[in-house]
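Asks: Here's a sequence, model it:
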Amino acid sequence: MAQAKMHHPVSWVIFAGMAALLLSQGVPVRSGDATFPKAMDNVTVRQGESATLRCSVDNRVTRVAWLNRSSILYAGNDKWCLDPRVVLLANTKTQYSIQIQDVDVYDEGPYTCSVQTDNHPKTSRVHLIVQVSPKITEISSDISINEGGNVSLTCIATGRPDPTITWRHISPKAVGFISEDEYLEITGITREQSGEYECSASNDVAAPVVQRVKVTVNYPPYISDAKSTGVPVGQKGILLCEASAVPSADFQWYKDDKRLAEGQKGLKVENKAFFSRLTFFNVSEQDYGNYTCVASNQLGNTNASMILYEETTTALTPWKGPGAVHDGNSGAWRRGGCVWLLALPLAQLARQF
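Replies: Take a look at the predicted model:
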């Protein structure tokens, strides 16, 4: 703290000089002197708060001053420092107190209450401790790596006291912390270990601060579902191919060795991030056969075969002659009134026998 350029009475100058000299020479306070003058115990405040330093005195005191190391802050009612944050709170027969506002880390250290009684200066010290909330100053960037590679994540934080740093995998399968260090090492990473990793820095001064790093694990396609499907002639048929991959897979469809193109008559190919759907709007005999789904990305490719076959049933084939009507809602065939007219004489004949 800067010293103020002020004019003070000679006696104050001599007293303050003697106090500073005692401090600079490291003169200790004896146990017998520890109760007078009596300063506070160590004062702990958070960065940005105000610190109050109190010194208990009595009517034997003729002069009193507060010093920071060898710098005089106040001598009696006179301010010796230029720092506007330092103010006098009380100068009474029982207490001599100052306040340091908006405390910062450079304010931390020893402060001395110096008094003069019977022409003998005595001192009492208090140590100001400044706590600082944790702050993450450096953290790894998001990373993309191929499956099987090694990952090293870094999280550096500052604070007073030094913060505790932990790493946690944000995943439903992850339980607890996976590292209690600034560095997180993952050897032979798997696709299940992809996702966000959270660094937390805490020191009980304030709420923990957290930042996240996204780890993307690349791997070749894997087809998880590809089933053959049975469809009657003239009906709508769908073949579905599901695949997981990072980056997302590109899909292609083949019938035998011929690639099926989007927009081909009677067909629709719908590709999404994790599946491809091949739709037949009106299945014909020529559509039946073996189909192959190929999923690929920069890391590799895979394929699966499935069959579109004609679906048969054990029920009687609906009669499609006169009187047969196709139900557009249910897709089923039903017989008309002429069938019921035939059933009536047959029932009468059965009763005669």
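Asks: which of the residues in stretch 238-252 are buried?
Replies: Neighbour counts using 16 or more other C-beta atoms under 10 Å place 239-246, 249-252 of stretch 238-252 among the buried residues. The C-beta positions use only the backbone N, C-alpha and C, and glycine is treated the same way.
Asks: Among those residues, list the two that are farthest apart in space.
Replies: Leu239 and Val246 (24.2 Å; C-beta to C-beta).
Asks: Just the strands from the stretch 151-300 of the chain, written as ranges.
Replies: Shown for the stretch 151-300 of the chain, the strands assigned by DSSP state E, counting those that start in this stretch span residues 151-160, 164-170, 183-186, 195-202, 209-226, 229-231, 237-246, 250-255, 258-259, 267-271, 275-280, 289-297, 300-310.
Asks: gap between the second one and the chain center?
Replies: The reference is to strand 164-170. A distance of 9 Å separates the C-alpha centroid of strand 164-170 from that of its chain, computed with C-alpha atoms, centre = their mean, to the nearest Å.
Asks: ok, and the helix or strand in the chain with the lowest average confidence?
Replies: Considering only helices and strands, the least confidently modelled element of the chain by mean pLDDT, DSSP states H and E is strand 325-326, at a mean of 27.
Asks: Next one: Ala20, what pLDDT does it get?
Replies: Reading off the confidence values, Ala20 has pLDDT 48.
Asks: Sketch out the low-pLDDT regions of the stretch 1-150 of the chain for me.
Replies: Residue ranges of the stretch 1-150 of the chain with pLDDT under 70: 1-40.
Asks: same question, the stretch 151-300 of the chain
Replies: Using pLDDT under 70, the flagged stretches of the stretch 151-300 of the chain are 174-176.
Asks: if you set the cut-off to 50 instead, what comes out?
Replies: Along the stretch 151-300 of the chain, segments meeting pLDDT under 50 are nowhere present.
Asks: Just give the number of residues close to the closest residue to Tyr183 other than its chain neighbours.
Replies: In this structure, Tyr183 finds its nearest non-sequential neighbour in Thr154, 5.7 Å apart by C-beta to C-beta, 6 or more residues apart in numbering. By the criterion of other C-beta atoms under 10 Å, Thr154 has 14 neighbours.
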